[in-house]
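K.L.:
Quick one, what's the 3D model for this:
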Amino acid sequence: MAFINTGGSTDTGIQQGSKFYIVLLTLVATFGGLLFGYDTAVVNGAEKSLVDFYITPMLDPANYGALTHPIITQYRILMVVVLLIVAVIISIQMFKLLGKKRGGIFTAVAIIGWAIWSWSFIGETIPTDSLAIQGMADTIKGFVIASALVGCVVGGAMAGMVSKSLGRRIGLFISAICFILSAIGSWRPELFNIFGTLDVFSFVIYRIIGGVGVGLASMISPMYIAEIAPAKTRGKLVSFNQFAIIFGMLVIYFVNYRIAAQGDEAWLIEIGWRWMFLSGVVPAGIFFIFLFFIPETPRFLALKGKESEALKVLEKIGGKSEAPQVLNAIKATLKDHSRPWLSYGSLIIIIGILLSVFQQFVGINVVLYYAGNIFRNMGSSTDASLLQTIIVGIVNLLFTVLAIFTVDKFGRKPLMIIGSLGMAISMIALGLSFYFNSVGIWALVFMLLYTAAFAMSWGPVCWVLLSEIFPNSIRGAMSIAVAVQWIANWVVSFTFPMMNDNIALVDKFHHGFAYWVYGIMSILSAIFVWRLVPETKGRSLEEIELFWKKRS
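P.N.:
This next block holds a predicted model:
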């Protein structure tokens, strides 16, 4: 999880500005980042209760006909729809990357492949033996827990269109509404089930709605901040969004812990998890109300020809003397000078995609979403696992701040490589501790070392690199990397229960297998950065663009 640095080489912002007013606007916008972290991490504390409430009953042989079969059938239908959405999003990106002809061929192949797979997938015989049903239960568990990420893919893909056509402020309003609807619907999915599905999939749909809010906020919140911030403090103010994301995760870890402490295990399974999701109404409601008191950004107002309104906002932000000059500078940059995305060759696109893939495939969101599950596998109680999750959140926050203050001092590549090696050692050691059944304090230490290594490297630094390596003329190509990141996030979160809870893998590796996979990915990520990723420290965006011109 990391902020998107939206800075560029052309400065059209206020130079000084009313500090107090700008800080207030920034704090309101960063609520989008806080809700990003809050909503994606809430499932950490609720994961076990959700599984016991919705998934475990399908393992009872008495329920095979009445419950298990409908769950598997509806899961398959929803999975087909989800993969169609992903295929459409990827196809749209391929149109922009490859052009109409080759993009059309790619789309046709993708849709045909999806249709063939869907026909086979839905037509598969529903299993009846207990071992096969256990495997299906693990798969459905991953689908339910990771469901919000499907919405993140959709919201991320919509963010550019929404912010351009409706505005940054309206985009944040839509995001806040999605958060509120998701929190209420996830609280009582059976009461608000208007979809004609089983209650578990009503829950999934409401989580997807929340994910749409996350996807919108992940792009529009830092965009809003960048467009109202003074030039000299833009980077620092945009970085508050990254801090807000991690802080939101830490807040929900505390909230989950306090809710879990209100009752016993049975209460948590029946009622407690519902309050964890409903708690999101509070920050989302505050966000929604505060949005009424902030203006649209001057850049969007100028884009829509509302120059007088843009001037009023600029005067309030930076003063009357400076506002006309800044408005003229904004108007001068509104014309799009974009070039084809392959203008600098395919290597830059490949590097951007692989940065996003490795950021997720090293397994960070397994820690952020399933930490409670991991700690319970170590032998901790529910309360103890939630308390240990808070410690993970604190470490994540502290080392993210460290990365923000050191990325310009030590460089991007050294931090990324050191972080990769730290994650590799930690994950392989964690896998070994599970394999040899020696989980204890050292397993917790390995988890914390892994979290620290990611937070000081691939978390924020990956986004710094993505924002720097794409020249301004093909800045839109960064959307491919963003879409791939959400898809990779979903894949990792979806597949973890399959690897971690599979009976055959548990018997052989004692829950250690998944961590070795992430350790290997960490090693590969270090090699990738060492061999292919250019160092951008101290280089202007023009120098980086010249570098790619020479390579193309």
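K.L.:
drop to CA atoms for contacts and neighbour counts, all remaining ones
P.N.:
Will do.
K.L.:
Can you name the next helix or strand after the one helix or strand Asn241 maps to?
P.N.:
Taking DSSP states H and E as the definition, Asn241 sits inside helix 234-260. Along the chain past helix 234-260, the next helix or strand (assigned with DSSP H and E) turns out to be helix 265-267.
K.L.:
May I see the buried residues of that following helix?
P.N.:
In terms of neighbour count (16 or more other Cα atoms under 10 Å), helix 265-267 has its buried residues at Glu265.
K.L.:
Ok, stretch 46-53 next?
P.N.:
46-51, 53.
K.L.:
Got the phi and psi for Val439?
P.N.:
Main-chain dihedrals, Val439, degrees, to the nearest 10: phi -70, psi 140.
K.L.:
what residues are up against it?
P.N.:
Taking Cα atoms under 8 Å, 6 or more residues apart in numbering, we find Val439 in contact with 378-379, 433.
K.L.:
How about Leu237?
P.N.:
Counting by Cα under 8 Å, 6+ apart, Leu237 touches 26, 225-226, 229.
K.L.:
How much space separates it from Leu172?
P.N.:
18 Å (Cα to Cα, to the nearest Å).
K.L.:
Same check on Ile228?
P.N.:
Taken as Cα to Cα, the span from Ile228 to Leu172 is 15 Å.
K.L.:
Over to Val86?
P.N.:
In terms of Cα to Cα, Val86 sits 23 Å off from Leu172.
K.L.:
same check, this time on Trp119
P.N.:
As judged by Cα to Cα, Trp119 and Leu172 stand 38 Å apart.
K.L.:
Give me the more crowded residue out of the two.
P.N.:
Neighbour totals were compared for Trp119 and Leu172, and Leu172 leads with 27 against 11 (other Cα atoms under 10 Å).
K.L.:
Look up the pLDDT of that one for me, please.
P.N.:
With respect to pLDDT, Leu172 has a value of 95.
K.L.:
so which helix or strand takes in it?
P.N.:
According to DSSP H and E, Leu172 maps onto helix 168-187.
K.L.:
With only the CA atoms kept, save that helix in CSV.
P.N.:
Provided in CSV are the C-alpha atoms of helix 168-187 (Å, rounded to 0.1, in the frame of the first residue of the first chain):
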residue,chain,number,x,y,z
ARG,A,168,-12.0,15.5,-8.0
ARG,A,169,-14.4,16.6,-5.2
ILE,A,170,-17.4,14.6,-6.7
GLY,A,171,-15.1,11.6,-7.1
LEU,A,172,-14.2,11.8,-3.4
PHE,A,173,-18.0,12.1,-2.6
ILE,A,174,-18.7,8.9,-4.6
SER,A,175,-15.8,7.2,-2.7
ALA,A,176,-17.3,8.2,0.7
ILE,A,177,-20.7,7.0,-0.3
CYS,A,178,-19.2,3.6,-1.4
PHE,A,179,-17.5,3.3,2.0
ILE,A,180,-20.8,4.1,3.9
LEU,A,181,-22.9,1.6,1.8
SER,A,182,-20.2,-1.1,2.2
ALA,A,183,-20.0,-0.6,6.0
ILE,A,184,-23.7,-0.8,6.5
GLY,A,185,-24.3,-3.7,4.0
SER,A,186,-21.4,-5.7,5.3
TRP,A,187,-22.8,-5.3,8.8
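K.L.:
tell me which strands and helices the following helix or strand past it is in contact with?
P.N.:
Using DSSP H and E, the helix or strand that follows helix 168-187 in sequence is helix 199-228. Applying 3 or more Cα pairs under 8 Å, 6 or more residues apart in numbering; DSSP states H and E, one finds that helix 199-228 makes contact with helix 19-50, helix 130-145, helix 147-165, helix 168-187, helix 234-260, helix 298-303.
K.L.:
Now render these as JSON lines, adding distance to Met423.
P.N.:
Shown next, in JSON lines, are the helices and strands packed on helix 199-228 (distance: least, Cα to Cα, whole Å):
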{"stretch": "helix 19-50", "distance to Met423": "21"}
{"stretch": "helix 130-145", "distance to Met423": "23"}
{"stretch": "helix 147-165", "distance to Met423": "23"}
{"stretch": "helix 168-187", "distance to Met423": "32"}
{"stretch": "helix 234-260", "distance to Met423": "19"}
{"stretch": "helix 298-303", "distance to Met423": "41"}
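K.L.:
Tell me which of these sits nearest to Met94.
P.N.:
helix 147-165 (12.9 Å; Cα to Cα).
K.L.:
what about the closest one, average pLDDT?
P.N.:
The model assigns helix 147-165 a mean pLDDT of 86.
K.L.:
Show me what that helix is packed up against.
P.N.:
helix 69-123, helix 168-187, helix 199-228, helix 478-501.
K.L.:
that older thread, in helices only, show me the contacts of Val439.
P.N.:
Residues of the contacts of Val439 located in helices (DSSP state H): Ser433.
K.L.:
any weak-confidence spans in the stretch 201-350 of the chain?
P.N.:
Judged by pLDDT under 70, the stretch 201-350 of the chain has its weakly predicted residues at 231-236, 238, 333-338.
K.L.:
Give me the neighbour count for the closest residue in space to Gly431 that isn't next to it in sequence.
P.N.:
Excluding the flanking residues, the one nearest Gly431 by Cα to Cα, 6 or more residues apart in numbering is Gly512, at 4.0 Å. Gly512 has 24 neighbouring residues, counting by other Cα under 10 Å.
K.L.:
cool, Ile89 as well?
P.N.:
A total of 19 residues lie near Ile89 under the criterion other Cα under 10 Å.
K.L.:
residues in contact with it?
P.N.:
With Cα under 8 Å, 6+ apart, Ile89 has these contacts: 154, 157, 483.
K.L.:
give the contact list for the last one.
P.N.:
Think Ala483. Neighbours of Ala483 in contact, by Cα under 8 Å, 6+ apart: 89-90, 153, 156-157.
K.L.:
Tell me who's in contact with Val506.
P.N.:
500, 512.
K.L.:
Report pLDDT for it.
P.N.:
pLDDT recorded at Val506 is 86.
K.L.:
next one: Gly419
P.N.:
94.
K.L.:
how would you label it: helix, strand or coil?
P.N.:
helix (DSSP: H, G, I helix; E, B strand; the rest coil).
K.L.:
ok, how many other residues are close to the residue nearest to Thr139 when sequence neighbours are not counted?
P.N.:
The shortest distance from Thr139 to any non-neighbouring residue, by Cα to Cα, 6+ apart, is to Met498 (5.8 Å). Counted by other Cα under 10 Å, the residues lying close to Met498 total 20.
K.L.:
list the contacts for Met498?
P.N.:
135, 138-139, 142.
K.L.:
mind checking which of the helices and strands packed on helix 199-228 is nearest Leu216?
P.N.:
Per Cα to Cα, nearest to Leu216 of the helices and strands packed on helix 199-228: helix 147-165, 4.9 Å.
K.L.:
Could you tell me the angle between the closest one and helix 19-50?
P.N.:
On the basis of axes from the mean of the first three to the mean of the last three Cα atoms, to 10 degrees, helix 147-165 is oriented at 150 degrees to helix 19-50.
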